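Enquirer: Sequence first, predicted model second:
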Amino acid sequence: MLDYQYKFIKLNKSYGIRLMNNADDKDIDLFFELFYDCFGFRQHLDKIWFNWYYNQNPNGICNNYLLFDIEHNKLIGAYGFAKIPYYLENKEKIGVLGVNGFIHKDYTKRGLYAELMNYGLKIETKNNLAFSFPHGNNKGSVKGHFNSNWKLFEDLHFFEKEINKRIINKPENIEILEDDFKAIDFEQFNKKNFAFIKDTGFLNWRYTQRPYRKYISIGFKDQENVIAYMILGKYINQDKLIRTQIVDFNAIDINTFEQLLKGAEYFAQIEQSYKIDLILGMGSKYIESLKKQNFHKSGEVYKLMIYPDINESNSNALLGDFDAV
């Protein structure tokens, strides 16, 4: 009999929750069996990817809570909490990011997903905040977050631009960065009222060490110092068209951000992309720069949810902070 950390009854049926053993092959096989059942098979999501994302994060392992139908000894749901550092009220803290939550289709609309999420939140947010980024079109997930007392912090909109076929010159001060990101002084970016903290270890883990995907990292150099950086990912749609995505960036001022945008468009053209995009909250200081360079807001949106809540208005959240599947 499985050793559940929490048991409850819903509609006269018994359910149990326990923490996943991230090093146990049987638990990992169970996880992927349900994951593929819910989302379909994805070749690049396997045990190598799992070990990278769930176990190798330099800020700590991802705690993954598993939900079982006790009577049938069947895994029916999972919800993970990855570690994510943030800066708030002049302090650096380690919060958690809700990741890869799902439930078997035969067990939906019973309040089980909210029960699973609530249990994990009680354990993981005793002294810190939790963050989550459900897609705006995923009405069930958004509703589940509200039912579990998450608060909507801000909407993160996609801004996109079609790549012009004319030849674009690379801005003079833009160059590809070394993989170790050691030339970046992160202190110039991280001390904000509220911000997700980046450093060399995080960027190396997230982008250099990630299996199965490659990223282009570019920087703006002022003499020997990198005062802005941008990380470019590649998304290929069903029609085999390439979309370059700005998944992460930091800039010391508006001018360097605009130079990075031009550099990103140059590299997107080299990759033969048809479009370039990124996500930003509407309170971002970079919105006007995007408009000036002919980026347009699309209808696609992610919702940054926070648990329990903070008295702030906007964040520096980007696609790379949560999109790791």
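Expert: Thanks, I have the structure now. Numbering: from 1, shown residues only.

Enquirer: who touches the closest residue to residue 207 other than its chain neighbours in this structure?
Expert: Distances taken as C-beta to C-beta, 6 or more residues apart in numbering put residue 215 closest to residue 207, at 4.5 Å, once the chain neighbours are dropped. No exception for glycine: its C-beta is placed from N, CA and C like everyone else's. Contact analysis of residue 215 by C-beta atoms under 8 Å, 6 or more residues apart in numbering lists 207, 208, 231, 232, 233, 247.

Enquirer: Ok, residue 251 next?
Expert: Contacts of residue 251 (C-beta under 8 Å, 6+ apart): 220, 227, 228, 229, 257, 260, 286.

Enquirer: Drop anything exposed from those.
Expert: 220, 227, 228, 229, 257, 260, 286 (16 or more other C-beta atoms under 10 Å).

Enquirer: who's in contact with the last one?
Expert: What that stands for is residue 286. With C-beta under 8 Å, 6+ apart, residue 286 has these contacts: 251, 254, 257, 280.

Enquirer: do you know how far it is from residue 122?
Expert: According to C-beta to C-beta, to the nearest Å, residue 286 and residue 122 sit 37 Å apart.

Enquirer: Next up, the contacts around residue 233.
Expert: Contacts of residue 233 by C-beta under 8 Å, 6+ apart are 213, 215, 244, 245, 247, 319, 320.

Enquirer: Weed out the non-buried ones from these.
Expert: Judged by 16+ other C-beta under 10 Å, buried ones among the contacts of residue 233: 215, 244, 245, 247, 319, 320.

Enquirer: Of these, just say which sits nearest to residue 142.
Expert: Distance to residue 142 across the buried ones among the contacts of residue 233 (C-beta to C-beta) is lowest for residue 319, with 18.1 Å.

Enquirer: Can you show me the strands along the chain?
Expert: 6-10, 13-19, 63-69, 74-88, 91-103, 130-132, 151-162, 174-176, 194-196, 216-222, 225-236, 242-251, 275-281, 296-307 (DSSP state E).

Enquirer: Count the neighbours of the closest residue to residue 211 other than its chain neighbours for me.
Expert: Spatial nearest neighbour of residue 211, chain neighbours left out: residue 48 (5.0 Å); criterion: C-beta to C-beta, 6+ apart. Using other C-beta atoms under 10 Å, residue 48 has 11 other residues around it.

Enquirer: ok, residue 48 to residue 212 distance?
Expert: Taking C-beta to C-beta, one finds residue 48 at 8 Å from residue 212.

Enquirer: go on, residue 256?
Expert: Taken as C-beta to C-beta, the span from residue 256 to residue 212 is 31 Å.

Enquirer: out of the two, which sits in the busier spot?
Expert: Higher neighbour count among residue 256 and residue 212: residue 256, with 23 against 11, using other C-beta under 10 Å.

Enquirer: Report the mean per-residue pLDDT for the top helix by length along the chain.
Expert: If you go by DSSP state H, the chain has its longest helix at helix 254-270. Across helix 254-270, the average pLDDT comes to 94.

Enquirer: before we move on, what about stretch 200-213?
Expert: On average, stretch 200-213 scores 95.

Enquirer: Show me the shaky parts of the stretch 101-250 of the chain.
Expert: Across the stretch 101-250 of the chain, the ranges flagged by pLDDT under 70 are 179, 190-191.

Enquirer: how does it look with 80?
Expert: 165-167, 178-180, 190-192, 223-225 (pLDDT under 80).

Enquirer: Run a quick neighbour tally on residue 128.
Expert: 15.

Enquirer: what about the residue lying closest to it once chain neighbours are set aside, how many neighbours?
Expert: Once flanking residues are discounted, residue 128 sits nearest to residue 95: 4.5 Å by C-beta to C-beta, 6+ apart. By other C-beta under 10 Å, 22 other residues sit near residue 95.

Enquirer: And for residue 232?
Expert: Residue 232 is flanked by 25 other residues according to other C-beta under 10 Å.

Enquirer: Is it in contact with residue 244, as I believe?
Expert: Yes: the criterion here is C-beta atoms under 8 Å, and residue 232 meets it with residue 244 at 5.6 Å.

Enquirer: what do those two both touch?
Expert: Joint contacts of residue 232 and residue 244 (C-beta under 8 Å, 6+ apart) are 264, 267, 268.
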